[in-house]
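Novice: task: produce atomic coordinates for the following.
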Amino acid sequence: MFAVIKTGGKQYIVSPGQKIKIEKLPKEEGEEVVFDQVLLFEKDGQVEIGTPLLKTKVKGKVLKQGKGEKIIIFRYKQKKREKKKKCHRQPYSEIEIISID
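Specialist: Prediction:
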């Protein structure tokens, strides 16, 4: 059994018991999250495809909030000797999928 959900502008294939890292959600650790934008659902070989969404819901639990790896952005213009350095760490939420209803 698996489902395809849409959150944070991306699509994820999820199944019960799986842990995923998604764009940060405004929830505290330990809170329950319900994803209602389900695009596809498969159970026992039968596939349901939404047009565009299904009425199925996916329940999850927030395990932790964190930041990803540091990405360094460095720009250099040779003839002007202009340098610019930036760093970025993308915030994320780690979710454990509990059930697909």
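Novice: sketch out the low-pLDDT regions of the chain for me.
Specialist: In the predicted model of the chain, no residue satisfies pLDDT under 70.
Novice: how about the strands in it?
Specialist: With DSSP state E as the criterion, the chain has strands at 2-7, 10-14, 19-23, 32-35, 38-43, 46-54, 58-67, 71-77, 82-88, 91-100.
Novice: quick one, the last one and strand 19-23 angle?
Specialist: By that I understand strand 91-100. Put simply, strand 91-100 runs at 130 degrees to strand 19-23, going by axes from the mean of the first three to the mean of the last three C-alpha atoms, to 10 degrees.
Novice: all numbers from here: first residue = 51
Specialist: With 51 as the first residue, the last one maps to strand 141-150.
Novice: could I get the buried residue list for strand 141-150?
Specialist: By neighbour count on 16 or more other C-beta atoms under 10 Å, the buried set for strand 141-150 is 142-145, 147, 150. The C-beta positions use only the backbone N, C-alpha and C, and glycine is treated the same way.
Novice: repeat that for the fifth one.
Specialist: Of all the residues in strand 88-93, those buried under the rule 16+ other C-beta under 10 Å are 88-92.
Novice: now do the contacts for the residue nearest the centre of the chain.
Specialist: The chain has residue 72 as the residue nearest its centroid, 2.4 Å off, counting by C-alpha atoms, centre = their mean. Listed by C-beta atoms under 8 Å, 6 or more residues apart in numbering, the contact partners of residue 72 are 57-58, 60, 62, 142-143, 145.
Novice: I'd like those residues as JSON lines, with distance to residue 123 appended.
Specialist: Putting the contacts of residue 72 into JSON lines (distance: C-beta to C-beta, whole Å) gives the following:
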{"residue": "57", "distance to residue 123": "26"}
{"residue": "58", "distance to residue 123": "21"}
{"residue": "60", "distance to residue 123": "21"}
{"residue": "62", "distance to residue 123": "26"}
{"residue": "142", "distance to residue 123": "19"}
{"residue": "143", "distance to residue 123": "24"}
{"residue": "145", "distance to residue 123": "28"}
